[in-house]
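output the structure for:
(one chain, ligands or ions: 1)
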Amino acid sequence: MKATARAHPNIALVKYWGKRDEKLILPHQSSLSVTLGPLSVTTTVEFTGEKGADQIEINGKLAEGSERKRVEEALKLVRAEGGRKLGAAKMVSRGDFPAAAGLASSAAAFAALAVAARAAAGFKRDTRAESILARRGSGSASRSIQGGFVRWNRGRRPDGEDSFGEQLFDEAHWPDLRMLVGMVSREEKEVKSRDGMRSTVDTSPYYPAWTKDAEREVKEIVRHVKRRDLEAVGELAERNAWRMHASALGANPPLCYLKPATLSVIEACRGLRQQGVGVWFTLDAGPNPVLLTTVKDEALAGAIVMAQGATEVVHCAPGGDAQLVETHLF
Ligand code: 2P0
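Okay, here's the model as predicted:
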């Protein structure tokens, strides 16, 4: 009745920004991401068989408010499938990277929770069911069940059963690809992704334009990733990130996730490219740029981010699948 899982976060190259169903977390568009190894979240879940409230601890603190509610909802879904006899759950989760700093910690967290909770309830591994459960916690988590390059299919069904992450290429497909997260800010962002995307859908006149290109862009990036064409991937990822941020800037009130240092890094990237260095950027809903490069140019790309005022650069490579591990957190 106890299981522990570890999952990596992911960074989208063609992004998800906006829900067509808030409760089931169904997106307006498909998206494609690469898994960020070695960063990870580890989660242990035990179903105690007893009555009472779930006990939920995240990064050393008892979870409260909306964070607690989201975990409770996910556990409830597992109980609905596995039966009431499972009882209350105890969950302890720990990440090895800063939460809410623009890195999608919720993606790794809900992916690890989905794998651990289903295993603790006695289910065999099933990446589709795990991805759907993870999605109910946080949309991007549907892309962290499998490693490498994962497409979250938009799906058409109102019940969301066709909206899950699907691995297209595993982590061995492009082992020298590097994603460098430039920590230009460690502050929690003022507007969380969930609220930001809702406001963009509801108030930005640019939102329909943003969704219009999405399915085509996913198809296009799959072709570029297949050929391991960094220039084509980089150009498309940059354009897609700018358009996502443009749709958010068009919201009322406007949503600007960028800081001056974000733009400095972006400018520096462009400068490096003019000197023949292969480096592009993408951005999540936060100020920390993620540079896309390869081993060859990794050191130079990292140095330029530090020179623009980053406090740290986190070096990532394509990571593997979410896995069950033997060492429990309690
Ligand atoms: C993505 N982001 O595709 C996009 C790009 C941020 C910018 O998915 O409301 O934490 O829990 O589904 O998944 C972050 O949003 O939002 C995100 P919910 P989530 O990675």
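
which residue ranges of the stretch 151-300 of the chain form helices?
In the stretch 151-300 of the chain, helices defined by DSSP state H, counting those that start in this stretch lie at 193-203, 207-212, 214-226, 230-249, 260-274, 298-307, listed in chain order.

just name the most buried of these.
Mean neighbours per residue, mean count of other CB atoms under 10 Å, is largest over the helices of the stretch 151-300 of the chain for helix 230-249, with a mean of 20. Every residue, glycine included, has its C-beta placed from N, CA and C.

report the distance from that one to the chain centre.
Relative to its chain's centre, helix 230-249 lies at 16 Å (CA atoms, centre = their mean, to the nearest Å).

just checking, what packs against that helix?
strand 10-14, helix 193-203, helix 207-212, helix 214-226, strand 280-283, strand 289-294 (3 or more CB pairs under 8 Å, 6 or more residues apart in numbering; DSSP states H and E).

near the ligand, which residues of this structure?
For the chain, the residues in contact with the ligand (CB under 6 Å from any ligand atom) are 12, 15-17, 25, 31, 104, 106, 138-140, 193-194, 284-285.

one more pass at 8 Å, please.
Selection of the chain residues close to the ligand by CB under 8 Å from any ligand atom yields 10-12, 14-17, 19, 25, 27, 31, 33, 70, 104, 106-107, 110, 135, 137-141, 143, 152, 192-194, 197, 244, 283-286.

need the buried ones from those residues selected in ChimeraX.
The ChimeraX selection below is limited to those of the residues of the chain next to the ligand classed as buried (16 or more other CB atoms under 10 Å):
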select :10,11,12,14,15,16,17,19,25,27,31,33,70,104,106,107,110,135,137,138,139,140,141,143,152,193,194,197,244,283,284,285,286
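
looking at the helices of the stretch 151-300 of the chain, which is nearest to Ala80?
With respect to Ala80, and counting by CB to CB, the nearest of the helices of the stretch 151-300 of the chain is helix 193-203 at 22.9 Å.

now do the contacts for the nearest residue to Ile304 once chain neighbours are set aside.
Of all residues not flanking Ile304 in the chain, Ala268 sits nearest, at 4.6 Å (CB to CB, 6 or more residues apart in numbering). Going by CB atoms under 8 Å, 6 or more residues apart in numbering, Ala268 touches 304-305, 307-308.

confidence score at Ala268?
We have a pLDDT of 96 for Ala268.

next one: Val265 from the ligand, what distance?
Distance, Val265 to the ligand, using CB to the nearest ligand atom, to the nearest Å: 17 Å.

same question, Leu133
13 Å.

that residue and Lys76 touch, don't they?
No. Using CB atoms under 8 Å, Leu133 is not in contact with Lys76; the gap is 10.8 Å.

these two - which one has more neighbours?
Set Leu133 next to Lys76 and count neighbours by other CB atoms under 10 Å: Leu133 wins out with 27 against 12.

got a list of what that one touches?
Shown in contact with Leu133 (CB under 8 Å, 6+ apart): 74, 77-78, 114, 117-118.
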